[in-house]
Every structure is written in C-alpha cells, then in structure tokens.
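In: Build the 3D model from these lines:
(chains A, B and C)
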Amino acid sequence: MSFYDTWSAVLIAAIAGFVLVFTALVGARLLGPFARERGKGVSYECGMLPVGRNWAQVHVRYYLFAIMFLIFDVETIFIFPWAVTFLDLPEFAFWYMFTFIVVLGAGLLYAWRRGVLEWR
Amino acid sequence: MSDGASTAATPPAYVPDYGNEAERLTPVELPEQTAAYRIVMPGILQTGVDTVLAMSRKSSLWPMTFGLACCAIEMIGTFMSNHDLDRFGIVPWPSPRQSDVMIVSGTVTKKMAPAIKLLYEQMPNPKYVISMGACATNGGPYTEYDRVLQGVDKIIPVDVYVPGCPPRPESLLDGFLALQAKIMEEKGTVG
Amino acid sequence: MSGGAPADEPAIATIVRERLPDVPFEVSQTKTYADLRVSPAHFLALATGLRNDPELAFDLLRNVVALDMEEEGLQAKYQLYSFRHGHALQLTVPAPLADPSIPTLTGLYPAADWHEREAAEMVGLVFSGHPDPRNLLLEEDLRIHPLRKAHPLQKAEILQGIEDGPPGVEV
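Out: The predicted structure follows:
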C-alpha cells in the first residue's frame, strides 16, 4: 500500500474515535436528566460517609520502581528501530547493540546486588 | 424498701432516648430533574427522542444490587443462569455510580437507613427502585418492631413492589417486566 | 452434702456443690442444660470457681442471653462449657429493675465483652466493671432498650389495596 493508503486509515480511525467519544459525552449531557441532590457528590464508600482524606499517599520506596522502569524502557525504545531494520544493517551493528545491552545488563546486575529487586 | 402500701418501690420508668434518629430517618429530598434536550429541542422531535430513550432505558437496566438479607439470595438466584436476567439487559452492578435501578432486597433496619438514602442520592438520574420482598415493602415479618424501618418507601421513592418472603425468581422477573412497562408508560414525563 | 441437695439433681450440679460449697444457688433442669440460679452478689465467686477449679474447668463461655422478665426484673443467662471434661452448664442471674447491675465476666472470659455490651443495650442490664460499656449493635447516640417489653412498638403498616388509594391519602 502506498503512504497515503496506510496513513489515511489511521486518520479515519482517529476521527471515528473522536466522534464516538464526543457523541457519547455530548449525548449524555443533553439527554440525561440531572437532579441536584445533596448526597450526589459525596465520594462513594458503600453508603457510609468517607473517613480521612481522598489522597492516598504512596510510599516513597516506589521511586525505585519508577527509576528502573524508566531506564529499561528507554533501552527498549532504542532496541526497537534496531530490531526492525536488523536484516539491512551491516554486521558490526549487532556488536554495537550487544555492547549496549551488556552495559545496561551490568547496571541491572549492580541493582540486583544492591537489593533493589527485593521488596522491602 | 417498702412504702407500707401494697406496691413495693417502683423502679424508674423506662424512657427511651432516640438521640438524632429522627433526622437520620427523614425521607430523601427529590429535587426537580430536567434533561437539557427538553430545552434545546423542539417539541415535535422530543416525542421521538422520548420513545427511543425509554426503549433504551428499559432494555438496559443495570441494578445496583443492594442485598440486605434473605431476599438477596433469591436476587442472586435470579441473576444466575437458570432464571437469567442478563437476557433482559439487566447486568448486576455493585456501584451506584453506573446503575439505573436499586433493588432493595431484605430488611431495612433503622441503622441502615442513612446509608440507603446516601446510596440512592449517589445514583445518577433517571433512577428507579424495586422494593423486593416483604421487609422492604412494609416491614414484613418484623411488623411493629421498633428497630426495623416499616418499608423502604418511608425514605426513598419506590417504583415497583415485589411481594414475597422471599419472592421467587419468577416474581422478581415479573417485577422487572413491570418496571419496564412503567418506564415505557411514563416516557414523556421523566426529565 | 451441704445445703440439703435433692436427690434428683443433675450430676454436674452435685459436683459444683461439692467443689464450691460456699456459694448458694438453686438448681433446675432445662431441656439442654442444668441451670444454676445465683444472685448477682455471689455470681462472680461462682463463675471464678467454675472456671478455675480443675474438676469443673468451664473454660468456654458459649453464650450470654439477656431477658426481660417484666415484674420479676431482668435476667442474664450464661451458658458455659468445659473442653476438658465435656460438661455444660447454664447460670441464671436475676437482677431487679431498680438496680439491674451484674458484675462483669470480662476478667474471666474475654468473650463476655461483646456479649455483655449487647445485653446491656438490648435489655438494660448494667455490667459493673465492664471495660468498654458502649453500644454494640445500636447506633452510638441511642439510649434505648429495644428488647424490653416496655419498649414502644410502631404502628403496623398495612399495605393498601388498589381501591384504598395511595399511602398517606385518606380515602
């Protein structure tokens, strides 16, 4: 397929998505009766009045997960284009990527030995 | 401790103190509900939209299952495959936020009444209530007992009463069909 | 035998009389339990003896029931069981309406905590020495005793037929 065929399919899908969601929201706004009752805005807690703040605090130990994910996600993004065009690349491209992965693997080994992968 | 008369010293009379219960048991307030399309659309189109809306609302009633007591078991039995309610578009939904109809199945005690009121208010309009079983209808076997609310219609407006103790699944099914008929009947007047 | 116990007494009551001779009680037999009726003044002594004595060893408080006997006063019934010996017993403690006070068993049986809270709110017994005398099942701000005979009833709700009109409308 040509360039325009593939990307026009994407355009039609995007427009259809927008139209569907927009219609649903606007339709609900127009067609739904609304009554301003006193308890309607109260947070749902099985009929009881909620106790405490509605912000739950996440423990700071989750930052380790965030960092590890970020690093390996960026690594994955670098690997994707290499993998897609792998067969057209010269031979040394394999060893470049190999080195890249080994370096990051060393970082993973360091994190592992530091106990980052254990839940504390 | 004798007075010398025929009766002994009388113990202190029993005076119950109900605290703040009266305000907890006031019926829920029902403000006006209007839909935007009534203002925007000309009347001739509104009837068509009303009919379509009524048909779609009755075909997709999502009950907030509010099982309180024994009637809940029969309600669960109605949802299960033998007396399938799903074929009517009735999908049990535990949260009030996305549900259309509240099935009050079971005894409503006065301790539970404020929770029922809050959950009813948290349902989006248009909403309906099916009072399932004798306890939710008028107190049922706990007639005259002080701690049981003699019927859930004392605090929320009820659309369909399903009698029985507990009602058989076919009865609850009949209640749903009656609710569907009611929705079609009052299509121009809701919102 | 102390106290002149009658001959047709249940066996467990005889053993209790032998082991705890200082506590006065009356014996009767219900369908399932041998029942010892003891006054609130001697109740704690009897319960302590029943629990601690190795021959009796009633280590499980199965149930606490509270009754309103109208003119006679209020009553609490305690049902005890012994894992070691396998025998069971019921204690009846009457309390007059003017002073419905019974010593608490929470020091001996931690299970009595909630049972006594429920008995207190439902019937109006006062358990002296209870560590946490709040309402258990009723709402916190209610001071009522719903299971008393004197507690007022509501109006019976008759569901009208179609020809009677909607509720609340005089037809």
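In: residue boundaries of the strands in chain B?
Out: B:63-67, B:101-105, B:128-132, B:160-162 (DSSP state E).
In: could you redo those strands as CSV and give each row distance to C:Arg62, mean pLDDT and mean neighbour count?
Out: All C-beta atoms are positioned from the backbone trio N, CA, C, and that covers glycine. As requested, the strands of chain B are exported to CSV (distance: least, CB to CB, whole Å; pLDDT from 0 to 100; neighbours: other CB atoms under 10 Å in any protein chain shown):
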stretch, distance to C:Arg62, mean pLDDT, mean neighbour count
strand B:63-67, 30, 90, 22
strand B:101-105, 33, 95, 27
strand B:128-132, 36, 95, 26
strand B:160-162, 39, 94, 23
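In: Throw these into JSON lines and include distance to A:Ser8, thanks.
Out: Rendered in JSON lines, the data for the strands of chain B read as follows (distance: least, CB to CB, whole Å):
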{"stretch": "strand B:63-67", "distance to A:Ser8": "44"}
{"stretch": "strand B:101-105", "distance to A:Ser8": "45"}
{"stretch": "strand B:128-132", "distance to A:Ser8": "46"}
{"stretch": "strand B:160-162", "distance to A:Ser8": "52"}
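In: For chain C, which of the ones you listed is the nearest?
Out: Nearest of these to chain C, taken as CB to the nearest CB: strand B:160-162 at 7.7 Å.
In: Partner strands of that closest one, with direction?
Out: strand B:128-132 (parallel) (DSSP bridges).
In: follow-up on the earlier one: let me know which of the strands of chain B is the nearest to C:Val23.
Out: strand B:63-67 (48.9 Å; CB to CB).
In: for that closest one, packing partners?
Out: Applying 3 or more CB pairs under 8 Å, 6 or more residues apart in numbering or on different chains; DSSP states H and E, we find strand B:63-67 packed against helix B:70-79, strand B:101-105, helix B:113-122.
In: where does chain A dip in pLDDT?
Out: A:1, A:120 (pLDDT under 70).
In: One more pass at 80, please.
Out: Along chain A, the model assigns pLDDT under 80 to residues A:1-3, A:54, A:119-120.
In: what does it put close to chain B?
Out: Near chain B, the residues belonging to chain A are A:29-40, A:42, A:44, A:46-49 when assessed by CB under 8 Å from any CB of the partner chain.
In: What subset of the residues you listed is buried?
Out: Buried members of these, scored by 16 or more other CB atoms under 10 Å in any protein chain shown, are A:31-35, A:37, A:39-40, A:47.
In: Would you point out the most distant pair within the residues you listed?
Out: A:Leu31 and A:Gly47 (28.1 Å).
In: and B:Asp3, what pLDDT?
Out: On pLDDT, B:Asp3 comes in at 44.
In: for chain C, what spans make up the strands?
Out: Under DSSP E, chain C gives strands at C:26-29, C:34-37, C:60-68, C:74-81, C:88-95, C:101-103, C:126-128.
In: now the ones you listed as TSV including distance to A:Phe78 and mean pLDDT?
Out: TSV is the format used below for these (distance: least, CB to CB, whole Å; pLDDT from 0 to 100):
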stretch	distance to A:Phe78	mean pLDDT
strand C:26-29	87	90
strand C:34-37	83	92
strand C:60-68	68	94
strand C:74-81	72	94
strand C:88-95	76	94
strand C:101-103	77	94
strand C:126-128	73	93
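In: between those, which gets nearest to B:Leu173?
Out: That would be, of the strands of chain C and by CB to CB, strand C:60-68, which comes in at 41.2 Å.
In: Just the angle for that closest one relative to strand C:74-81, thanks.
Out: 160 degrees (axes from the mean of the first three to the mean of the last three CA atoms, to 10 degrees).
In: returning to that earlier point: please produce CSV containing the strands of chain C, extended by mean neighbour count.
Out: Formatted as CSV, the strands of chain C follow (neighbours: other CB atoms under 10 Å in any protein chain shown):
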stretch, mean neighbour count
strand C:26-29, 14
strand C:34-37, 20
strand C:60-68, 19
strand C:74-81, 21
strand C:88-95, 21
strand C:101-103, 20
strand C:126-128, 17
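In: could you dump the ones you listed to a markdown table with distance to A:Leu87?
Out: Shown next, in a markdown table, are the strands of chain C (distance: least, CB to CB, whole Å):
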| stretch | distance to A:Leu87 |
| --- | --- |
| strand C:26-29 | 95 |
| strand C:34-37 | 92 |
| strand C:60-68 | 77 |
| strand C:74-81 | 80 |
| strand C:88-95 | 84 |
| strand C:101-103 | 89 |
| strand C:126-128 | 85 |
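In: residue ranges of the helices in the chain, please?
Out: In the absence of a named chain, chain A is used. A:3-31, A:62-84, A:92-113 (DSSP state H).
In: not quite, I wanted chain C
Out: C:11-19, C:40-52, C:112-123.
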